[in-house]
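J.: Coordinates for the following, if possible.
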Amino acid sequence: MGLRLLSGAIGLCIVLPVLWFGGVGVAVLVAVVVALAMDEWALMMTRDMPAAATRTRLTLVPLGLALHVAVTHVAPTLAGPLVAVVVMIGLTVPMFAEADVARAGTQAVRGVAGLVYAPLLVAPLVALRGREDGIWMVLYLFAATWLGDTGAYFAGRAFGRTPLFARVSPKKTVEGAVGGLAASAIGGVIFAKVGNLPFGVIECVLLTMLLDVLGVVGDLAESLVKRTWDVKDSGWVMPGHGGILDRIDSLCFTTPVLWLWLELR
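T.: The predicted structure is shown next:
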């Protein structure tokens, strides 16, 4: 518990100032997160194929960064073709580098899934911060996502009895999910109002609850991947939190939906 709180506090001390000042620092911060996430993904996906670990890391990290840069900083007319080229490389490298056909196919599918995951799903975070109300919108996103995660953690430890989705994540409980939903709704509304964001109270409550539910689904999705590959923690970067992927799994599902909500409202 103490290690989890300490590493979380250190992470916030690094992330919040960068987000507050904005600019190129945000792009660099998100790119670093993407690189670390891709490195964790490469290590997880080759857990049963250790001989391929180094080659996979050297392939997926730059490809993930290239894909992320393509969708965040390149003109739309070029972004699509660049994404296609990156996916093509991700599919073909294992075919030529791995002699065993079954392992090559497994690596190709796992690698492309990783390229679509963190590099694309967290990409809208850069655009969100670039808005006029960007700092408050990002703080609202974090509140709606991570307060729910934190609330679920503590509520689950205190009151958890009923399994939520035992075959994927045995420790998650219905009581924890309810506690997370309440914490997310309260924190999200506070941040939305303090930051004068363009949400009415009802819209804000509904959106915040939607983001919390999506955060839980995102957490379960990463748990499914880890359970499939027999991995407990995705990495070591954030002790007590499991790793970068374990910390951003919920954010990967909430960020694009918030951006889409703002674009369509």
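
J.: Pretty sure V257 sits against G215.
T.: No - if you go by C-beta atoms under 8 Å, V257 and G215 don't touch, sitting 9.9 Å apart. All C-beta spots, glycine's among them, are computed from the backbone N, C-alpha and C.

J.: Please identify which of those two sits among more neighbours.
T.: When V257 and G215 are compared for neighbours, G215 comes out ahead with 27 against 18, by other C-beta atoms under 10 Å.

J.: Next up, the contacts around the more buried one.
T.: A144, T145, G148, D149, G180, S184, S250, L251, F253, T254 (C-beta atoms under 8 Å, 6 or more residues apart in numbering).

J.: now M137
T.: M137 sits next to L128, R129, R131, G195, L197, L258, L262 when contact means C-beta under 8 Å, 6+ apart.

J.: which secondary structure element contains it?
T.: Assessed by DSSP states H and E, M137 sits inside helix 134-142.

J.: what's the answer for V87, then?
T.: Judged by DSSP H and E, V87 forms part of helix 76-97.

J.: Alpha carbons only: can I get that helix in CSV?
T.: Output in CSV follows, covering the C-alpha atoms of helix 76-97 (Å, rounded to 0.1, in the frame of the first residue of the first chain):
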residue,chain,number,x,y,z
PRO,A,76,-4.2,13.5,-42.1
THR,A,77,-3.5,12.8,-45.7
LEU,A,78,-0.2,11.2,-44.7
ALA,A,79,-1.2,9.7,-41.4
GLY,A,80,-3.3,6.9,-42.9
PRO,A,81,-0.6,5.6,-45.3
LEU,A,82,2.1,5.9,-42.5
VAL,A,83,-0.1,3.8,-40.2
ALA,A,84,-0.6,1.3,-42.9
VAL,A,85,3.2,1.0,-43.5
VAL,A,86,3.9,0.6,-39.7
VAL,A,87,1.3,-2.2,-39.5
MET,A,88,2.8,-3.9,-42.6
ILE,A,89,6.2,-3.9,-41.0
GLY,A,90,4.8,-5.3,-37.8
LEU,A,91,3.2,-8.1,-39.7
THR,A,92,6.2,-9.0,-41.9
VAL,A,93,9.2,-8.7,-39.5
PRO,A,94,8.3,-11.9,-37.5
MET,A,95,7.7,-13.7,-40.8
PHE,A,96,11.3,-13.2,-41.9
ALA,A,97,13.0,-13.2,-38.5
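
J.: continuing past that helix, what's the next helix or strand?
T.: Note on helix 76-97: by DSSP H and E, the next helix or strand toward the C-terminus is helix 101-121.

J.: Check which helices and strands that next one sits against.
T.: helix 24-45, helix 53-73, helix 76-97, helix 244-264 (3 or more C-beta pairs under 8 Å, 6 or more residues apart in numbering; DSSP states H and E).

J.: same thing but 10 Å
T.: Helix 101-121 is packed against helix 24-45, helix 53-73, helix 76-97, helix 201-228, helix 244-264, with contacts defined by 3 or more C-beta pairs under 10 Å, 6 or more residues apart in numbering; DSSP states H and E.

J.: Take those helices and write them to TSV, including mean pLDDT and distance to Y140.
T.: Compiled in TSV, the helices and strands packed on helix 101-121 are given as follows (pLDDT from 0 to 100; distance: least, C-beta to C-beta, whole Å):
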stretch	mean pLDDT	distance to Y140
helix 24-45	95	16
helix 53-73	94	20
helix 76-97	91	27
helix 201-228	90	8
helix 244-264	93	8
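
J.: would CSV of the ones you listed with distance to T173 be doable?
T.: Formatted as CSV, those follow (distance: least, C-beta to C-beta, whole Å):
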stretch, distance to T173
helix 24-45, 25
helix 53-73, 33
helix 76-97, 37
helix 201-228, 11
helix 244-264, 17
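
J.: For this protein, list the residue farthest from the centre, please.
T.: Each residue of the chain has a distance to the centre, and by C-alpha atoms, centre = their mean the biggest one is for A99: 32.7 Å.

J.: For that residue, grab phi and psi.
T.: Here is the backbone geometry of A99 (degrees, to the nearest 10): phi -70, psi -40.

J.: can you offset everything so residue one is 303?
T.: Noted, 303 is the first residue going forward, which turns the last one into A401.
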